[in-house]
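Peer 1: Predicted structure and sequence below. I'll ask about it afterward.
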Number of protein chains: 2
Amino acid sequence: MTVNEEVRDDIIIDEGKLIEALEKQDIKSFRDEYLTLHPYDRAVFYEKVDEDHRKTMYFFLSPKELAEIFETSEIDEDEYRQFLQEMDTTYAADMISYMFVDNAVDVLKELDKTQIASYLTLMNKEAAAQIKALLHYEEYTAGSIMTTEYVSIPQNSTVRSAMTILRNEAPSAETIYYVFVVDEDNRLTGVVSLRDLIITDEDTLIRSIMNERVVSVLVSDDQEDVARTTQDYNLLAVPVVDFQYHMLGIITVDDIIDVLDEEASDDYSKLAAVSNMDSFDKTSLSAAKKRIPWLIILLILGMLTANLIDLFTDTISQVALLAAFIPLIAGTAGNSGTQALAVAVRGIATRDVEDESKFKLLLREAGTGLITGLVCAIFVVGLIFVWKHEFIIALLVGVAIMVSIFVATISGSFIPLFMHRMKIDPAVASGPFITTLNDLISIIIYLGLATTFINSL
Amino acid sequence: MTVNEEVRDDIIIDEGKLIEALEKQDIKSFRDEYLTLHPYDRAVFYEKVDEDHRKTMYFFLSPKELAEIFETSEIDEDEYRQFLQEMDTTYAADMISYMFVDNAVDVLKELDKTQIASYLTLMNKEAAAQIKALLHYEEYTAGSIMTTEYVSIPQNSTVRSAMTILRNEAPSAETIYYVFVVDEDNRLTGVVSLRDLIITDEDTLIRSIMNERVVSVLVSDDQEDVARTTQDYNLLAVPVVDFQYHMLGIITVDDIIDVLDEEASDDYSKLAAVSNMDSFDKTSLSAAKKRIPWLIILLILGMLTANLIDLFTDTISQVALLAAFIPLIAGTAGNSGTQALAVAVRGIATRDVEDESKFKLLLREAGTGLITGLVCAIFVVGLIFVWKHEFIIALLVGVAIMVSIFVATISGSFIPLFMHRMKIDPAVASGPFITTLNDLISIIIYLGLATTFINSL
């Protein structure tokens, strides 16, 4: 076995050995094995073992060592509360104070106000002050996900002095790969990457190598816009400023990835009408709780459709074959509406929509609806005619499908664009509601036409 | 106006000025303004102007300067071909050779084989060799998105010699924030971050500060797995190795973000039954082309439902009210199936599913289906009884809804898990097919029961 294969094998966590060490109260062999793991793997293990083992771990690990585990994204947010309760209060406060301040805020936000206050009282004043400053930012803004642990240097520094500052601040800064240049009022005036610093002569003035066109975001910006900006400009961190351009903090790329992921899950779950599925539910009951409200709303909306069809029972009693095509027509309207909606919601999320005029976009969707409706109608008329040899019914279904695809496509793109304009999250309007609307419209067209031409059937 | 506000204003691109400079053939003022922009903003401008302006830009900018623009993600992949055709062939080949090799490969992959060959012949041999080595990796694997431009150092280096290597390679490396340590056979044995290098004494041996537990991925790994690993471990770059642990390349976080984004768009569009909506379509026709195939498939599936209902026309002629609830029952089955599907697909994508046994998961979904079905059934029976005073029909609809929610929930989670096991992308099975399956099952249950009990109605 070569050295390298050994290295690889090492990465697999020896859970049995770790648990044995915990049970035997063998602090040395536990720490020897555990602390060489990557923080992510440490978190996976910590989250997996039972409460008793975790309580032993609190004795085996310092608050600072545990803080590193809490930094990773592996631990679910709703578990923070439980884990903190298992710990001694002072130990927990200490642990939180060792975390990067943005992550500490994430943990505290899951607790109620008295708990937050008690932890803040117990931790060192500096950490508490930093956390307090971040706690009041509104959720989903740049402020709520930024950290204040960045490296900034005065404009008049040389590369040498900048490197000295960097070395000193490295242990506490979340990233040292960008150094932000500020004036005497702490206003952001430039940025230098560590890459530039290490290849430049030490006596060079920062001012002469810094990039003055810094891409920055406002503290009140929506976190999704921040994420898109960071992605567009391929940044490892983006500075956060206020209206006067004072530097307030930075947001690092790992947090950006989490925002993008959250947003994607969110849009997806709304399209599927599930409340929130960041993670799998542990029990059937909690999963059912998330799904039932949606299904009940959809049932009530479905009753509208049932009510509408009920108005046409006379027609249906006479030509029962008409009923066979109701799900087909309603389904097709629903499908084309969902397609248009998905394109619009995703276009808004990725900001493709902003590049062009909304009016042109709607016009184009209308064109798409027309073409799609026509093609599908011709197809379905042929299909029904071949199958049933009922030309009039085939024509009726065809017309209903054409009109309802057209209407569904327009409403599917207009409604989310309108909601976006009104600053409402367009994904909320999602599938189910548009589908019901389209169901109603398509059934009125279909059964209305059928009732009008009942004598020809 | 302060200095800082000026900086901010500068970021807004003065398009008019740039276009004027292009039209006046004023190379100096164009370059003065354009080259201070961020590459992303340069790309936005480049992509926006018309062909004549772009052709002037090819005279104003060196191939190296243009390469920087092509690196950004702003330019759509299907536009590469057009842009390259606008350029002089030698200029284009030169430009490609200046790009980071992974991005160069992305550009070339959009072209046909003769074009690729002619560009490779024209560019310098070293760049061509690097590109050729990457071109043959299969799409969607780690190999297809990695770059070979990383910094590696021998195990026996000191921090000082490592920093010298780093400074020399900085201009051509895609990231210098991780330095990979290899043995004499180029096998990966460790990693050191630039952060560690700059805070460590220069005479220290790399071996003593490197992290031996390097998180790495196999060259054949699926790109989505690579992305999740990078996200889990909060890495800025992940090394790519072969089975013998030889270092082949790295994948940087900006490419990881693009993979995650692509995957999310992909799952989302499959749920919505749109083929591919990475970007908005430019014309109604191209949008219609993407949507019609799906709608036609769904229409054919819908005809199955229509056919099935047609078998029950006798029953419907007798009690036309039955028809009113068909869309409600089919819709509810479809909705609960989509919920279960979405949770499973998203769970697979974020790898939550792998943490526990599939059997337990299905058991839990069955439980969820049972609870959900029961609650919705009770609700709907009450609703219909109050509305129509038809107790038997209410009961019929209730039973049909309960059974079909139960079946839909199980099939909605079983099918994607089964497909994942079979190594088929579970998102393919998506909404429409599961919905049709559930439509059929729920209608058989509903109309079957109705026909059996027709005399009681």
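Peer 2: Structure's in. What do you need?

Peer 1: Could you point out which residue ranges in the stretch 251-400 of chain A have low pLDDT?
Peer 2: Within the stretch 251-400 of chain A, the stretches with pLDDT under 70 are A:273-282, A:351-357.

Peer 1: Swap in 50 and give it another go.
Peer 2: A:278 (pLDDT under 50).

Peer 1: quick check: domain ranges of chain A?
Peer 2: A:13-136, A:152-262, A:284-456 (automatic domain parsing).

Peer 1: most tightly surrounded among those?
Peer 2: Ranked by mean neighbour count, the domains of chain A are led by domain A:284-456 with a mean of 21 (mean count of other C-beta atoms under 10 Å in any protein chain shown). The C-beta positions use only the backbone N, C-alpha and C, and glycine is treated the same way.

Peer 1: on that earlier part again, I'd like the domains of chain A laid out as TSV, including distance to chain B.
Peer 2: As requested, the domains of chain A are exported to TSV (distance: least, C-beta to the nearest C-beta, whole Å):
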stretch	distance to chain B
domain A:13-136	5
domain A:152-262	4
domain A:284-456	3
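
Peer 1: mind giving me CSV with those domains and columns for distance to B:Ser411?
Peer 2: What follows is these, written out as CSV (distance: least, C-beta to C-beta, whole Å):
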stretch, distance to B:Ser411
domain A:13-136, 28
domain A:152-262, 27
domain A:284-456, 15
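
Peer 1: Of all those, which one is nearest B:Tyr245?
Peer 2: B:Tyr245 sits nearest to domain A:13-136 of all these, at 17.4 Å, using C-beta to C-beta.

Peer 1: gap between the closest one and the chain center?
Peer 2: Remark: domain A:13-136 is offset 24 Å from the chain centroid, using C-alpha atoms, centre = their mean, to the nearest Å.

Peer 1: Rounded mean pLDDT for it, please.
Peer 2: For domain A:13-136, mean pLDDT is 89.

Peer 1: then the host helix or strand of A:Ile445 to PDB, C-alphas only?
Peer 2: Using DSSP states H and E, A:Ile445 falls within helix A:431-452. Taking C-alpha atoms only, helix A:431-452 is exported to PDB below (Å, rounded to 0.1, in the frame of the first residue of the first chain):
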ATOM      1  CA  GLY A 431     -48.800  26.200 -10.500                       C
ATOM      2  CA  PRO A 432     -51.900  25.300  -8.500                       C
ATOM      3  CA  PHE A 433     -53.600  28.700  -8.700                       C
ATOM      4  CA  ILE A 434     -52.800  29.300 -12.400                       C
ATOM      5  CA  THR A 435     -53.900  25.700 -13.000                       C
ATOM      6  CA  THR A 436     -57.300  26.200 -11.400                       C
ATOM      7  CA  LEU A 437     -57.800  29.500 -13.300                       C
ATOM      8  CA  ASN A 438     -57.000  27.700 -16.500                       C
ATOM      9  CA  ASP A 439     -59.300  24.700 -15.600                       C
ATOM     10  CA  LEU A 440     -62.200  27.100 -15.100                       C
ATOM     11  CA  ILE A 441     -61.600  29.000 -18.300                       C
ATOM     12  CA  SER A 442     -61.100  25.900 -20.400                       C
ATOM     13  CA  ILE A 443     -64.200  24.100 -19.100                       C
ATOM     14  CA  ILE A 444     -66.400  27.100 -19.700                       C
ATOM     15  CA  ILE A 445     -65.200  27.300 -23.300                       C
ATOM     16  CA  TYR A 446     -65.600  23.600 -23.800                       C
ATOM     17  CA  LEU A 447     -68.900  22.900 -22.200                       C
ATOM     18  CA  GLY A 448     -70.300  26.300 -23.200                       C
ATOM     19  CA  LEU A 449     -69.600  25.500 -26.900                       C
ATOM     20  CA  ALA A 450     -71.000  22.000 -26.400                       C
ATOM     21  CA  THR A 451     -74.200  23.300 -24.900                       C
ATOM     22  CA  THR A 452     -74.600  25.800 -27.800                       C
END
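
Peer 1: for it, packing partners?
Peer 2: Applying 3 or more C-beta pairs under 8 Å, 6 or more residues apart in numbering or on different chains; DSSP states H and E, one finds that helix A:431-452 contacts helix A:284-310, helix A:313-318, helix A:321-324, helix A:326-349, helix A:391-421, helix B:326-349.

Peer 1: These into JSON lines, with extra columns for distance to B:Gly302?
Peer 2: Supplementary listing: these in JSON lines, determined by distance: least, C-beta to C-beta, whole Å:
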{"stretch": "helix A:284-310", "distance to B:Gly302": "16"}
{"stretch": "helix A:313-318", "distance to B:Gly302": "18"}
{"stretch": "helix A:321-324", "distance to B:Gly302": "10"}
{"stretch": "helix A:326-349", "distance to B:Gly302": "4"}
{"stretch": "helix A:391-421", "distance to B:Gly302": "10"}
{"stretch": "helix B:326-349", "distance to B:Gly302": "10"}
